[in-house]
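**Q** just a sequence and a predicted model for now, questions to come.
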Amino acid sequence: MQITRRVSNNDGLTVKLFRVPRHRVTQGTPLRVVIAVAIITLGSLTAVINAQSTQQAPARTNTLDQIVAMRDGVKLATSIFLPQGKGPWPVVLVRTPYGKDLQATGNTLWTNREFALVVQDCRGSFKSEGEYRPFMTDHVDGYDTIEWIAKQPWSNGKVGMYGASAMGIAANLASMMNPPHLVANFVMVARASLYNQSAFIGGVYRKELNDPWLKRQKAEWVIAETIKHSVYDGFFDLAEMPKHWRAIHVPVYNYGGWYDIFGQGNIDNFVGLQSTGGGLAAGNQKLIMGPWGHGKIEEVKYPTDSVVNATEEAMRWFDYWLKGKDNGIMEEPAVRYYVMGDVADSQAPGNEWRTALAWPVPAKPTSYFLKSGGALSEKIPIEPESADTYVYDPRNPVPTIGGANLSVKKGPMDQRATGDRKDILKFVTPVLTSPIEVTGRVNVELWAESDAPDTDWMAKLVDVYPDGAERLVLDSAARARFRDGSDHEVFMKKGEVYEFSIDLWSTSIIFNKGHRIAIHVTSSNDPRFDPNPNTGKPLRADDETRVARNTVHHDRAHPSRVLLPIVPSYNGKRP
């Protein structure tokens, strides 16, 4: 592997370009893609963007800086990068709250490929006028910018939007307005639901994701606004993609990661648009899911072929949709996904790319029941009574160790770092005698009670290695008061047992022979989730807390379990 270029500045932006071999992809075999990657870090907000796999001689780019007026007269700073020669050209648009000058660093990659690149500061950010309200004006501003581009002499009237994270969200929001000249999008690591994936999960506020980012963006006031609407009341509907899938008429290539903060969002948008999208959206979607986080994952390194060049893939996508090139991309399977595996054993099954025509892939929902003594078994419990109790103190929450995080360390980190805490229940299978593949959405169902009117239930899916390492696969949360729906609160009564559902989102992993599958249950995961004070008062109403005595039942009448989507396998390989 050879470093070919490195660029950095005082704002914390680092770009590394690597050159590695590229192997030809053949349909019907595991997908092995070894290509170049550029990792861009902006302060502590990290996005993974990719550079061109084949380095070309730099081309001279014609650059224009313009101020573009929106329908309400607010002017947005916009940079235009044009290829050499005579246009007009198809246009790729990036709208960003992080500064257009930084986002335009790789503009020659696009102009060398005969695309015009337009990069714009979102309203109220950097050189653009107006009030910065994160993601609240990107719908209309995106529409107006696209239609302005279509009228320019250097544009052929075909526009595609591209971007990761905030830029991907901006592309999604613009597509909901169905601009006539938007033809296709390439969206990386972006949510589907503001309420259920970005602001909250299971009704629990995502403190680690929201608070630091909003403070960095100088939009701290949004925190109070979000918390004010913790009970779902329709306030977020403008940014709820599932409510607008039918209004989206363009093909979208969704690019996500198993450890990304918005991993389920890319999957949900693919599935929803593929089946219900309007215009050319239905049936023309693409999805890729890899072993990635929102930046560098910790402690584990997957093989080099787990890297995918998003920029090159986006160019193939736009070559087809914006230029009409018959490059075969639409004949390829709609879904590519990386099946993770044992990273300590190079001979272990998994750690390979696969393809599918649709998502989810065929799998058998299989129940693994929580049992007394910390067992996890496919056998349903027969005991008339069986339960585990722990004490949850909001002033001493379980610390976050890895997972789908933004501002703290992320990825499949070893959960043994939490120590021998008494407020974590661990349930584990016997040592596996053969590999087990889990691909799809994972759900934990708990029968539980508390002596507090409200508390949280947290669950983790863990891969236990032969050396004892407890590698996190998925984790999520559910707030007790929202067990019957996020639009109303129902508090618990002492002595009553309730059923709770914890959506762990999706993964693809092979638990290797000699490993064990574990489920960890607790009531806190801080700072990933805002600790529940257990008082039943409105979110962050005051500083009062109370200690809760929480009990998880696992008997014949209360079969707490995890539902795993298990893919049939033979000797670690798909039949």
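**A** Received, thanks.
**Q** can you give me the pLDDT of the residue located most distally from the centre of the chain?
**A** Ranked by distance from the centre of the chain (Cα atoms, centre = their mean), the top residue is Pro384, with 40.8 Å. pLDDT recorded at Pro384 is 97.
**Q** which residues touch it?
**A** Applying Cβ atoms under 8 Å, 6 or more residues apart in numbering to Pro384 gives the contacts Asp555, Arg556, Ala557. Where C-beta positions appear, they are placed from N, C-alpha and C, glycine not excepted.
**Q** and the second one, how close does it get to Pro365?
**A** It stands for Arg556. 21 Å (Cβ to Cβ, to the nearest Å).
**Q** now do the buried residues in stretch 487-497.
**A** For stretch 487-497, the neighbour count (16 or more other Cβ atoms under 10 Å) marks Glu489, Met492, Val497 as buried.
**Q** and these, which is closest to Pro251?
**A** Glu489 (40.3 Å; Cβ to Cβ).
**Q** what's the nearest residue to that closest one if we skip its chain neighbours?
**A** Nearest non-adjacent residue to Glu489, counting by Cβ to Cβ, 6 or more residues apart in numbering: Arg481, 4.3 Å away.
**Q** is the one you found in a helix, a strand, or coil?
**A** Following DSSP: H, G, I helix; E, B strand; the rest coil, Arg481 is assigned to helix.
**Q** for Thr551, see how far away it is.
**A** Taking Cβ to Cβ, one finds Arg481 at 17 Å from Thr551.
**Q** neighbour count for the two, which is higher?
**A** Set Arg481 next to Thr551 and count neighbours by other Cβ atoms under 10 Å: Arg481 wins out with 22 against 14.
**Q** what sits against the more buried one?
**A** With Cβ under 8 Å, 6+ apart, Arg481 has these contacts: Gly203, Pro453, Asp454, Glu489, Val490, Phe491, Met492, Gly536.
**Q** and it, what's its pLDDT?
**A** On the pLDDT scale, Arg481 is placed at 98.
**Q** tell me how far it lies from Gly202.
**A** According to Cβ to Cβ, Arg481 and Gly202 sit 11 Å apart.
**Q** touching, Glu544 and Lys537? I think so.
**A** Yes - with contact defined as Cβ atoms under 8 Å, Glu544 counts as touching Lys537 (7.1 Å).
**Q** picking up where we left off before, could I get the contacts of Pro384 as CSV with pLDDT?
**A** Output for those, formatted as CSV (pLDDT from 0 to 100):
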residue, pLDDT
Asp555, 98
Arg556, 97
Ala557, 98
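**Q** which among these end up buried?
**A** Using 16+ other Cβ under 10 Å, the buried ones in the contacts of Pro384 are Asp555.
**Q** where's Val271, which helix or strand?
**A** helix 263-276 (DSSP states H and E).
**Q** what stretches of this protein score poorly on pLDDT?
**A** Within the chain, the ranges that satisfy pLDDT under 70 run 1-60, 570-575.
**Q** ok, which stretches of it are helices?
**A** For the chain, the helices defined by DSSP state H cover 100-103, 107-111, 138-150, 166-175, 207-216, 221-228, 263-276, 310-323.
**Q** so for Asp530, which of those helices sits nearest?
**A** Among the helices of the chain, helix 207-216 comes nearest to Asp530, with 4.2 Å by Cβ to Cβ.
**Q** from the contact counts, what lies against that closest one?
**A** Under the contact criterion of 3 or more Cβ pairs under 8 Å, 6 or more residues apart in numbering; DSSP states H and E, helix 207-216 touches helix 221-228.
**Q** buried residues, the helix it packs on. List them.
**A** For helix 221-228, by 16+ other Cβ under 10 Å, it's Val222, Ile223, Thr226, Ile227.
**Q** I'd like those residues as CSV, with distance to Ala282 appended.
**A** Formatted as CSV, those follow (distance: Cβ to Cβ, whole Å):
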residue, distance to Ala282
Val222, 34
Ile223, 37
Thr226, 32
Ile227, 37
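**Q** how many residues are close by Thr350?
**A** Heads up, residue 350 is Gly, not Thr. Gly350, neighbours per other Cβ under 10 Å, totals 23.
**Q** so what's it up against?
**A** So Gly350 contacts Val339, Met340, Gly341, Asp342, Pro435, Glu437, Ile509, Ile510, Asn512, Gly572 (Cβ under 8 Å, 6+ apart).
**Q** check contacts around the closest residue to it other than its chain neighbours.
**A** The shortest distance from Gly350 to any non-neighbouring residue, by Cβ to Cβ, 6+ apart, is to Gly341 (2.2 Å). Taking Cβ under 8 Å, 6+ apart as the contact definition, Gly341 lies against Ala348, Pro349, Gly350, Asn351, Glu352, Ile509, Ile510, Asn512.
**Q** now for those, which pair is the farthest apart?
**A** Glu352 and Asn512 (13.3 Å).
**Q** more neighbours, these two?
**A** Asn512 (23 against 18).
**Q** OK, contacts around that one?
**A** Asn512 touches Gly341, Asp342, Asp345, Ala348, Pro349, Gly350, Leu432, Pro435, Gly572, counting by Cβ under 8 Å, 6+ apart.
**Q** now with 7 Å, please.
**A** Gly341, Asp342, Asp345, Ala348, Pro349, Pro435 (Cβ atoms under 7 Å, 6 or more residues apart in numbering).
**Q** out of those, which is nearest to Lys127?
**A** Closest approach between these and Lys127, by Cβ to Cβ: Gly341, at 46.6 Å.
**Q** how much space is there between Tyr498 and Ala469?
**A** Tyr498 is 34 Å from Ala469, by Cβ to Cβ.
**Q** hmm, I was thinking of Gly202
**A** 27 Å.
**Q** neighbour-wise, which of the two wins?
**A** Gly202 (23 against 18).
**Q** state the distance from that one to Phe511.
**A** 25 Å.
**Q** what's the span of stretch 255-267 from first residue to last?
**A** End-to-end span of stretch 255-267 (Cα to Cα, to the nearest Å): 9 Å.
**Q** which residues does that stretch contact?
**A** Under Cβ under 7 Å, 6+ apart, the answer for stretch 255-267 is 187-193, 197, 209, 254, 287-294, 297, 310, 340, 359, 404-406, 410-411, 505-508.
**Q** my guess is Val361 contacts Thr439. True?
**A** Yes - with contact defined as Cβ atoms under 7 Å, Val361 counts as touching Thr439 (5.6 Å).
**Q** anything in contact with each of those two?
**A** Contact criterion Cβ under 7 Å, 6+ apart; residues shared by Val361 and Thr439: Val567.
**Q** how close does the nearest residue to Asp487 once chain neighbours are set aside get to Val308?
**A** Closest residue in space to Asp487, ignoring its immediate chain neighbours: Tyr232 at 4.4 Å, by Cβ to Cβ, 6+ apart. Tyr232 is 35 Å from Val308, where distance means Cβ to Cβ.
**Q** the two: which is more packed in?
**A** Between Tyr232 and Val308, counting by other Cβ under 10 Å, Val308 is the more crowded of the two (21 against 18).
**Q** how close does that one sit to Leu273?
**A** Noted for Val308: a distance of 21 Å to Leu273, by Cβ to Cβ.
**Q** give me the angle between the helix holding Val271 and helix 166-175.
**A** Here helix 263-276 points in a direction 20 degrees away from that of helix 166-175 (axes from the mean of the first three to the mean of the last three Cα atoms, to 10 degrees).
**Q** what comes up buried for helix 263-276?
**A** Quick answer for helix 263-276 (16+ other Cβ under 10 Å): Gly263, Gln264, Gly265, Asn266, Ile267, Asp268, Asn269, Phe270, Val271, Gly272, Leu273, Gln274.
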